[in-house]
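**Q** need a structure here:
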Amino acid sequence: MAVGMIYWEESRMQSRLSEEKAFHRAIYANGGNKLTSKLKRLNSYHAFGIEQIALIGKSLSHTPVNIFPTKTLTAPQLSPQNYGLKSQRKHLMAHSRFSPSASKRWMSCPASIQLAESIPFVMDTTRPAAQGTLVHHMVEMLLKDRLENVSLSDYWLGREEEIDGFNIEVTKEMVACAEQYVHYVQTRLEELDGRLLIEEKVNIDEISSECWGTVDALVLGKKSNRIAVIDLKSGKFPVDVINNEQLMIYGLGALSRYGDENTTVELTIVQPTSFHRDGKIRSWDISAENLVEWGFDILKPAIEACLEEAPVFNPGKNQCRFCRAKDICNSFKQSEVN
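**A** Model (predicted):
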């Protein structure tokens with residue numbers, strides 16, 4: 001590109017940035033609206049790059065802006081020849097204090113966080129959980145096109161891998177589960193004409209710097225202003241997608257980085273191994289406005305309740321099922337749940 005053209009591009013982008021900043025100052029000088037203000041607070045924790053200048057509000061120039069980053073892969077690089085499952089455990093075991101996958105527990109029982117932290121952590125993985133970890137590895141490999149001239153079944157079926165002390169043999173059911181998930185992700189990617197992000201870390205620092213998670217797959221729709229959060233469940237226990245706290249946290253983190261106030265967040269659970277009245281693939285849409293309001297009005301107070309000096313115990317079937325502190329919890333022992 002000629003020097004003059006480069007200078008013109010830089011000047012044009014600087015002009016657009018100035019317009020955006022002036023537009024935002026005008027919004028907040030006039031009070032703005034609640035949603036825009038909260039989205040601004042969330043997005044203030046992310047880099048203000050050229051590809052993100054339209055995250056909040058509309059551009060004065062109304063020029064389409066690419067809000068999709070060029071770097072898409074954050075997970076460890078793997079290959080069929082040297083897959084290294086053991087070497088990936090450190091990556092997989094990294095969890096936030098307010099883990100989205102455990103959000104149903106700590107949002108329902110604020111005291112569970114501090115009580116669990118009072119006992120030594122023991123890696124207590126079950127065989128089904130280890131199988132789920134392996135299925136996620138299979139999905140990641142397939143989505144990243146690391147199987148050359150060989151099918152997932154040909155490569156994986158009958159193989160044994162050691163996961164968390166369990167020798168797991170890949171079954172037809174596991175292969176079918178991975179293939180169904182990958183097929184759905186690729187279908188949505190094509191339908192939304194979007195960009196795919198795999199094992200993408202999302203955070204919501206304005207609400208809590210200790211609440212972040214890794215999404216199995218994100219599809220960022222280029223034309224429809226839609227973000228699809230697609231989560232794989234490989235267990236037998238059916239999981240609802242409507243008002244699913246884990247996926248809503250993922251969606252909020254994705255919205256804060258890649259969306260705007262007009263974005264629709266599509267939450268999807270793919271669970272081929274369990275019967276559910278709504279089918280093996282179930283989706284739920286939520287608007288940016290409703291998701292942000294939930295984040296600040298429900299999620300943030302729930303996290304704050306966990307941090308109180310004397311948090312409340314609230315035993316219940318759902319929150320106690322997988323709580324690792326229930327054996328030392330007097331509230332659980334004295335409740336009808338036990």
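**Q** what about the strands in the chain?
**A** Under the criterion DSSP state E, strands of the chain are mapped to 160-163, 166-169, 194-204, 208-221, 226-232, 264-270, 281-287.
**Q** closest one to Cys323 among these?
**A** When the strands of the chain are ranked by proximity to Cys323, the top entry is strand 208-221, at 18.0 Å, counting by CB to CB. Just so you know, the C-beta spots here come from the backbone N, C-alpha and C atoms, and that holds for glycine as well.
**Q** Partner strands of that closest one and their direction?
**A** Using DSSP bridges, strand 208-221 pairs in its sheet with strand 194-204 (antiparallel), strand 226-232 (antiparallel).
**Q** related to what we said a few turns ago, let's have the strands of the chain in a markdown table, adding mean neighbour count and mean pLDDT.
**A** Formatted as a markdown table, the strands of the chain follow (neighbours: other CB atoms under 10 Å; pLDDT from 0 to 100):
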| stretch | mean neighbour count | mean pLDDT |
| --- | --- | --- |
| strand 160-163 | 16 | 92 |
| strand 166-169 | 15 | 93 |
| strand 194-204 | 21 | 93 |
| strand 208-221 | 21 | 94 |
| strand 226-232 | 24 | 97 |
| strand 264-270 | 22 | 97 |
| strand 281-287 | 17 | 97 |
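**Q** Of all the ones you listed, which one comes closest to Glu308?
**A** Among these, the nearest to Glu308 by CB to CB is strand 208-221 (14.1 Å).
**Q** Could you export the closest one as PDB, CA atoms only?
**A** Listed in PDB are the C-alpha atoms of strand 208-221, where the atom choice follows Å, rounded to 0.1, in the frame of the first residue of the first chain:
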ATOM      1  CA  SER A 208     -16.100  -9.600  39.100                       C
ATOM      2  CA  SER A 209     -12.500 -10.200  38.100                       C
ATOM      3  CA  GLU A 210     -12.800 -13.600  39.700                       C
ATOM      4  CA  CYS A 211     -15.600 -14.700  37.400                       C
ATOM      5  CA  TRP A 212     -14.500 -16.000  34.000                       C
ATOM      6  CA  GLY A 213     -14.700 -19.200  32.000                       C
ATOM      7  CA  THR A 214     -13.900 -20.900  28.800                       C
ATOM      8  CA  VAL A 215     -16.600 -21.400  26.200                       C
ATOM      9  CA  ASP A 216     -16.600 -24.600  24.100                       C
ATOM     10  CA  ALA A 217     -17.500 -22.600  20.900                       C
ATOM     11  CA  LEU A 218     -18.600 -19.100  20.000                       C
ATOM     12  CA  VAL A 219     -20.000 -18.200  16.700                       C
ATOM     13  CA  LEU A 220     -20.000 -14.500  15.900                       C
ATOM     14  CA  GLY A 221     -22.600 -13.700  13.300                       C
END
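**Q** That one: how far from the chain's middle?
**A** Its chain's average C-alpha position is 3 Å from that of strand 208-221, according to CA atoms, centre = their mean, to the nearest Å.
**Q** Over to stretch 166-174?
**A** In terms of CA atoms, centre = their mean, the centre of stretch 166-174 is set 26 Å apart from its chain centre.
**Q** domains for this protein, by residue range?
**A** Here the domain parsing of the chain from automatic domain parsing is 3-52, 86-305.
**Q** follow-up on the earlier one: between the strands of the chain, which gets nearest to Ala325?
**A** Of all these, the one in closest proximity to Ala325, counting by CB to CB, is strand 208-221 (17.9 Å).
**Q** Check what pLDDT Thr74 gets.
**A** Predicted confidence (pLDDT) at Thr74: the value is 31.
**Q** who touches Glu179 in this structure?
**A** 142, 152-153 (CB atoms under 8 Å, 6 or more residues apart in numbering).
**Q** ditto for Arg188
**A** Arg188 sits next to 194, 219, 228, 230, 268 when contact means CB under 8 Å, 6+ apart.
**Q** Relative to Ala254, which of those residues is nearest.
**A** For these, the minimum distance to Ala254 (CB to CB) is 9.1 Å, reached by Ala228.
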